[in-house]
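> Structure for this input, please:
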Amino acid sequence: MGSIVIYKGIPCTLLAAEDPFPIRLQILSPDSISRALQEGFSCWGYPNEIMKEVTPEELVCLQDFGRFPPN
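This is a model prediction of the structure:
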């Protein structure tokens, strides 16, 4: 993976699962931190690893349309 996608208007990188981590999104810009935290992202590592685990439904939309939600 590692592709650029849009999650609820936030540009992110879609990261592949790596043991022990699931498939997840990481924000691209520190300017998105406050919005990302409101959308369920959290800090996985200081200072810029603001990420969110991806649900199966979100993954399908992100892979098929490059964005979630798809419209």
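
> ok but residue 11 is inside a helix, no?
No. Under DSSP: H, G, I helix; E, B strand; the rest coil, residue 11 falls outside any helix and is assigned strand.

> which residue packs closest to it, ignoring adjacent ones?
residue 28 (4.6 Å; Cβ to Cβ, 6 or more residues apart in numbering). Any C-beta I mention is one placed from the backbone N, CA and C, and that applies to glycine too.

> just checking, the one you found touches residue 3?
No. Taking contacts as Cβ atoms under 8 Å, residue 28 lies outside contact range of residue 3: 11.7 Å.

> neighbour count winner among these two?
Set residue 28 next to residue 3 and count neighbours by other Cβ atoms under 10 Å: residue 28 wins out with 15 against 12.

> Distance-wise, check that one relative to residue 56.
When distance is defined by Cβ to Cβ, to the nearest Å, residue 28 is 23 Å away from residue 56.

> do residue 69 as well
Here the criterion is Cβ to Cβ. By it, residue 69 lies 15 Å from residue 56.

> cool, residue 8 as well?
Per Cβ to Cβ, residue 8 is found 17 Å from residue 56.

> now do residue 26
For residue 26 relative to residue 56 (Cβ to Cβ), the value is 19 Å.

> and residue 31, that's in a strand?
No. With three-state DSSP as the criterion, residue 31 is helix rather than part of a strand.

> list the contacts for it?
Residue 31 sits next to no residue when contact means Cβ atoms under 8 Å, 6 or more residues apart in numbering.

> Just want to know which of residue 69 and residue 56 has more residues nearby.
For residue 69 versus residue 56, neighbours defined as other Cβ under 10 Å are more numerous around residue 69 (11 against 7).

> Surely that one and residue 6 touch.
No. At 9.9 Å, residue 69 does not count as touching residue 6 under the criterion of Cβ under 8 Å.
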